[in-house]
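Q: what follows is a predicted protein model with its sequence.
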Amino acid sequence: MATFISWNCRGFMNKSSELKDIINKHNPACIALQETYLKTDKHYIRNYEIFSKHHIQDRASGGVALLAASHIPSMSLNLNTHLQAVAIRIQMQSLVTVCSLYLPPSVRISQTDLNNLISQLPSPFIILGDLNGHSPFWGSTDSNSRGLQIEQFLADHNLCLLNSDEKTHFHLPTRTFHSVDLAISSPSLLPFLNLTVDNDLYNSDHFPLIVTDNRHNPANSYRPPKYILNAANWEKFTSLSNINSDTIKSLPSHKH
């Protein structure tokens with residue numbers, strides 16, 4: 001069983017200890033991070049390779065990253081997008097594309113940019129991120145414009161939402177819980193993926209999403225039967241399979 005994690009860490013540099021705790025607890029193959037606040041690529045987490053995209057204005061803000069386990073082959077996927085998004089292809093049971101996406105609440109996101117992003121992600125894929133959309137489809141009491149936009153995005157591209165109604169964000173000023181962190185997949189992965197939410201904020205205001213890929217569970221693996229042909233009694237098989245008209249006539253008839 002393989003595990004993917006998504007977490008808005010609210011700062012990569014000051015959450016290294018918490019990241020290690022998450023890794024020790026879940027042993028993930030890949031971690032998608034949002035709001036990393038990084039300015040450079042020169043950062044290190046033991047046993048993980050980092051792929052990142054920075055969002056630098058007057059100060060380091062926003063930003064996304066993917067941490068891929070070093071023992072699993074992975075490669076960066078070059079995205080041509082204005083969005084805060086980074087993607088890799090990682091060799092699980094088969095190649096899977098993983099994308100970390102952050103959509104700030106105060107920035108207008110065009111549907112064209114979302115459509116352009118999805119066109120660049122080879123299937124099968126998983127999109128993990130803080131999208132700041134509210135919708136009853138993933139546990140909100142009402143919808144905002146971003147939530148309606150995401151609903152349209154899911155419908156237009158036949159995408160699968162893994163969330164149900166789990167709360168993923170604690171809004172400190174109002175001390176309320178919300179669902180804004182989403183896990184989205186292409187249809188072929190849906191039967192194998194399961195989403196849970198960690199119950200620890202790890203000094204952020206977002207709970208990590210835990211996505212498990214059950215294709216790697218030995219209990220779910222299918223092995224075709226193997227036959228020892230040399231041990232077969234072929235003479236008996238031949239005699240039993242020698243069916244003629246007399247054999248058929250000798251069979252009892254059943255009338256209904």
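A: It's in.

Q: quick one: stretch 37-44 to chain centroid distance?
A: 24 Å (CA atoms, centre = their mean, to the nearest Å).

Q: oh sorry, the question was meant for stretch 108-126
A: On CA atoms, centre = their mean, the centre of stretch 108-126 falls 15 Å from the chain's centre.

Q: what residues sit buried inside it?
A: By 16 or more other CB atoms under 10 Å, the buried positions in stretch 108-126 come out as 109, 114, 117-118, 120-121, 124-126. Backbone N, C-alpha and C define where each C-beta goes, glycine included.

Q: got TSV for those residues, with distance to G147 too?
A: Formatted as TSV, the buried residues of stretch 108-126 follow (distance: CB to CB, whole Å):
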residue	distance to G147
I109	12
L114	13
L117	18
I118	18
Q120	24
L121	21
P124	25
F125	21
I126	20
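
Q: how about those residues, which pair is most distant?
A: Maximum pairwise distance in the buried residues of stretch 108-126, criterion CB to CB, is 24.0 Å, between I109 and P124.

Q: for D213, what are its contacts?
A: Going by CB atoms under 8 Å, 6 or more residues apart in numbering, D213 touches 1-4, 92-93, 96, 189, 192-193.

Q: give me the buried subset of those residues.
A: Using 16+ other CB under 10 Å, the buried ones in the contacts of D213 are 2-4, 92, 96, 189, 192-193.

Q: spatially, and excluding backbone neighbours, which residue is closest to C160.
A: Residue nearest to C160 in three dimensions, not counting chain neighbours: L190, with 4.3 Å by CB to CB, 6 or more residues apart in numbering.

Q: in strands, which of the buried residues of stretch 108-126 appear?
A: Taking DSSP state E as the definition of strands, the buried residues of stretch 108-126 contribute 125-126.

Q: show me where this protein has its strands.
A: Using DSSP E, the strands of the chain run over 2-8, 30-34, 48-56, 60-69, 74-77, 84-91, 95-102, 125-130, 160-161, 169-171, 176-178, 181-185, 193-197, 209-213.

Q: how far does the shortest one sit from the chain's center?
A: Here the centre of strand 160-161 is set off from its chain's centre by 10 Å, with CA atoms, centre = their mean.

Q: before we move on, what about the second one?
A: Chain-centre distance of strand 30-34: 10 Å, with CA atoms, centre = their mean.

Q: list of residues touching that strand?
A: By CB under 8 Å, 6+ apart, strand 30-34 touches 4-9, 12, 19, 22-23, 48, 62-69, 72, 74, 84, 88, 90, 98-102, 128-130.

Q: go again using 7 Å as the cut-off
A: 4-9, 12, 64-69, 90, 98, 100, 102, 128-130 (CB atoms under 7 Å, 6 or more residues apart in numbering).
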